[in-house]
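> Need the 3D shape of this:
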Amino acid sequence: MQAEKGSGKSKLLESLQTTLAFQVLSGQMLKTDHRRRASVSFTSQPVGWDEFSKLPKTVLSDIDALLQSTYRFEFTRVGASLTPYLMCAPVLLAGEEVDAQSLQSKLCRSSLSKERQGAIIPHDLPVFPLWPWLQFLADIEPARLRDLHRHYLGVCERHSRAPAGDATARRMMENYAALLCSWALLCEFADLDPQQGGFIEDLLAEMNSHIVDTDGSRLPWVWIMEILLSELEARRYDYPHCWDRVKHADGHTEMALFIRPNHVMDHLSTAPHLRAKFDALPVKTGRIFKNQLLQSPVVLADGVEKTIHGRRQGHLTAISLAQLEKLGLYAAPDVQP
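Numbers count the residues shown, from 1 in each chain. Coordinates of the predicted model:
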């Protein structure tokens, strides 16, 4: 949940705590590994992590790995005493900037703004009947849940703006379909109309907005290219590279960056100022980086030879700057006259 200042985030979390027995941990509470693990272990009751954007970078890196574990329902033992943890609770990340880049396809997004505020939530709301709700869920056959999720996944796919072959977008749709499945069960439990409040339409709109906004940030090669372009702009990339125009079969030309993917990964792995970023990358080798590039629409040519600073360089990959711009990546070509 990403919220602007004064948009009502604290009030909403307070109301959730009061009515749902919903535990919210502050940024101070999240600074120790044991508290983070304990808050999401051995329970399916959702927990909230507030002021997520104020946490140090080192803590955010640890949280990233922890949330990957909760997404998979992972059991582990930690420490010399082998303390057991079964990390499985859904987590609400709240703050002004929720930066979870590697988790983009594994979370659902909700944005709060002052323009979208409704009426103030009353202080005398009744407590949600949590125990009857859990009993209601326990009595549902797993096959019915799977069928219901499959139905709402079809709804998400029909209303999605993502291309058919986008695997990460499909996983995002599966997550949003799970929310719609939960909403349908809640309406059945509380005898409500599923169309009440326009929840389904709002969720589908948020899903499409999330898919479109993260189109250029869900794949590791995009993160690597973003780092590379910053290094080129700062003139810290010393490996052979060049900028030149590529001529297409129809006669028109476009500017491209010529690099060798192995050189890029060597730079990221050896530059001291990029150590933290390299450690956080799921891709560590030039071979995988190149494979992801070739599967994307940004490569104009592969195996190109160029003369760079008087030396012949082969096996270069030409990357289209126009295609990078469509993903929000911008370069300043250094073209020699």
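> Next up, the contacts around R311.
P240 (CB atoms under 8 Å, 6 or more residues apart in numbering). (Each C-beta comes from the backbone N, C-alpha and C, glycine too.)
> who does it bridge with?
With DSSP bridges applied, R311 shows beta-bridge pairing to I308.
> could you pull out the helices for the stretch 201-337 of the chain?
With DSSP state H, counting those that start in this stretch as the criterion, the stretch 201-337 of the chain has helices at 220-233, 261-270, 275-280, 286-295, 321-326.
> buried sites along the third one?
Meaning helix 275-280. Using 16 or more other CB atoms under 10 Å as the test for burial, helix 275-280 gives F278.
> That one - contacts with which helices or strands?
helix 57-72, helix 261-270 (3 or more CB pairs under 8 Å, 6 or more residues apart in numbering; DSSP states H and E).
> Rebuild those helices as JSON lines, extending it with mean neighbour count and mean pLDDT.
JSON lines is the format used below for the helices and strands packed on helix 275-280 (neighbours: other CB atoms under 10 Å; pLDDT from 0 to 100):
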{"stretch": "helix 57-72", "mean neighbour count": "15", "mean pLDDT": "76"}
{"stretch": "helix 261-270", "mean neighbour count": "18", "mean pLDDT": "93"}
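> Can you check which of those helices gets nearest to S230?
helix 261-270 (11.3 Å; CB to CB).
> tell me what that closest one is packed against?
Helix 261-270 packs on helix 220-233, helix 275-280, helix 286-295, going by 3+ CB pairs under 8 Å, 6+ apart.
> Can you say which of those helices is nearest to D33?
Using CB to CB, the nearest of those to D33 is helix 275-280, at 17.0 Å.
> sorry, back to before: compare the helices and strands packed on helix 261-270 and say which comes out lowest on pLDDT.
Of all the helices and strands packed on helix 261-270, the minimum mean pLDDT falls on helix 275-280 (a mean of 84).
> how far away is D33 from S7?
31 Å (CB to CB, to the nearest Å).
> which residues in this protein form strands?
2-3, 23-25, 47-49, 74-78, 83-87, 91-93, 111-112, 242-247, 253-259, 299-308, 311-320 (DSSP state E).
> who's in contact with the longest helix along the chain?
Taking DSSP state H as the criterion, the chain has its longest helix at helix 167-190. Around helix 167-190, the neighbours that count as contacts under CB under 8 Å, 6+ apart are 104-108, 132-133, 136-137, 140, 145, 148-149, 152-153, 155-157, 160, 162-163, 192-194, 196, 199-200, 203-204, 206-207, 210-211, 218-219.
> I'd like the C-alpha coordinates of stretch 30-41 written as PDB, please.
In PDB, the C-alpha atoms belonging to stretch 30-41 read as follows (Å, rounded to 0.1, in the frame of the first residue of the first chain):
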ATOM      1  CA  LEU A  30      11.300  -4.500  11.900                       C
ATOM      2  CA  LYS A  31      15.000  -3.800  12.400                       C
ATOM      3  CA  THR A  32      15.700  -7.300  14.000                       C
ATOM      4  CA  ASP A  33      15.600 -10.500  12.000                       C
ATOM      5  CA  HIS A  34      13.900 -12.500  14.800                       C
ATOM      6  CA  ARG A  35      11.000 -10.000  15.000                       C
ATOM      7  CA  ARG A  36      10.500 -10.000  11.200                       C
ATOM      8  CA  ARG A  37      10.500 -13.800  11.000                       C
ATOM      9  CA  ALA A  38       8.300 -14.300  14.100                       C
ATOM     10  CA  SER A  39       5.700 -11.800  12.800                       C
ATOM     11  CA  VAL A  40       5.000 -13.900   9.700                       C
ATOM     12  CA  SER A  41       5.500 -17.400  11.100                       C
END
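> now for the helices and strands packed on helix 261-270, which one comes closest to G303?
The minimum distance between G303 and those falls on helix 286-295, with 10.9 Å, by CB to CB.
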